[in-house]
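S.K.: Sequence plus the predicted model coming up.
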There are 2 protein chains.
Amino acid sequence: MEITKENKFTEEQTQIALFAKAFGHPARVKILQYLFESKSCVCGDIVEEIGLAQSTISQHLKELKKIGLIQGSVDGTSVCYCIDNENWTKMKNLLGEFFDQDHEMKSDCC
Amino acid sequence: MEITKENKFTEEQTQIALFAKAFGHPARVKILQYLFESKSCVCGDIVEEIGLAQSTISQHLKELKKIGLIQGSVDGTSVCYCIDNENWTKMKNLLGEFFDQDHEMKSDCC
DNA sequence: TAATTCAATCGTAAAATTACGATTAAACAA
DNA sequence: TTGTTTAATCGTAATTTTACGATTGAATTA
């Protein structure tokens, strides 16, 4: 998604797409589920859990961090990742509203 | 997403990612919003509305159809697209459950 | 200090996505 | 029948994504 075509879409449309993209790969879905379910959130544990190379997981974590869904805090030589609850809620509200469009459906053709 | 790595992820994780991917581009977000809001759902009108080439829109519509979120019905020389409400609901439930994980959060580190 | 551990980054290759113009095929109109 | 309209498909280029091994850098341990 280039910056140059942002005029074609609203901020909201772009933001929905960016959030959705974060869930658009099963590895990132699994990482997020793991962060919710597990007591541990250490990067090394995530690597073992998901079953992809360490550098690949690092890339996925970077993306999730960039969009704001997770945070990482350094703890010695390891890094602990966890859900950013504030942004998770924002995401839920934005996507939730988008999903609930079917309740105010105006269209009647087809 | 190759088929070969499906063993690394559950059906559910893969399905969540596939649905999310459908929303992972602002053009498809806009198309879906248009289909909900507008009385018209003719392909040509969508092309005008979004502001991308006809062939590009056709590709996006194909993806949305493939994942099952929309249906297309031929009407003369034009094609009328609309939301597949049954699958939209399935998607809402699946993604909604995924989003609501924060309510049963077990993790407490960080 | 030297060796070790952990995760980020680099470099790179393969695959997927996005976009467009051109062409095709089907339905309709003259 | 011939021409027109509409949307799908084809071919292709540019960009992005995904994945991996190798390297780096920071913190810890011996």
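M.R.: Arrived safely.
S.K.: quick check, stretch A:53-69 touching chain B?
M.R.: No - using C-beta under 8 Å from any C-beta of the partner chain, stretch A:53-69 never reaches chain B; the gap is at least 10.8 Å. Every C-beta, even on glycine, is put in place using the N, C-alpha and C of the backbone.
S.K.: The helix or strand hosting A:I57 near DNA strand D at all?
M.R.: Secondary structure from DSSP states H and E places A:I57 in helix A:54-66. Yes - looking at helix A:54-66 against DNA strand D by C-beta under 7 Å from any atom of the strand, the contacts come from A:Q54, A:S55, A:T56, A:Q59, A:H60, A:E63.
S.K.: surely A:I83 meets A:Y34?
M.R.: No - between A:I83 and A:Y34 there is no contact under C-beta atoms under 8 Å: 10.5 Å.
S.K.: Neighbour count: these two, which is higher?
M.R.: Legend: neighbour count by other C-beta atoms under 10 Å in any protein chain shown for A:I83 and A:Y34, higher for A:I83 (20 against 17).
S.K.: Now that one. Nearest residue, chain neighbours left out?
M.R.: Setting aside the residues directly before and after it, A:I83 is nearest to A:L35 in space (C-beta to C-beta, 6 or more residues apart in numbering or on different chains), at 5.4 Å.
S.K.: can you count the residues close to the one you found?
M.R.: For A:L35, the neighbour count with other C-beta under 10 Å is 24.
S.K.: and if you look at the one 4 residues further on?
M.R.: The burial count assigned to A:K39 is 9, neighbours taken as other C-beta under 10 Å.
S.K.: now the strands for chain A?
M.R.: Secondary structure of chain A (DSSP state E): strands at A:70-75, A:78-83.
S.K.: Any chance of those strands in CSV with distance to B:K90 and mean pLDDT as columns?
M.R.: Below are those laid out as CSV (distance: least, C-beta to C-beta, whole Å; pLDDT from 0 to 100):
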stretch, distance to B:K90, mean pLDDT
strand A:70-75, 27, 94
strand A:78-83, 25, 95
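S.K.: Quick one, which of those gets closest to B:K30.
M.R.: B:K30 lies closest, by C-beta to C-beta, to one member of the strands of chain A: strand A:70-75, at 27.7 Å.
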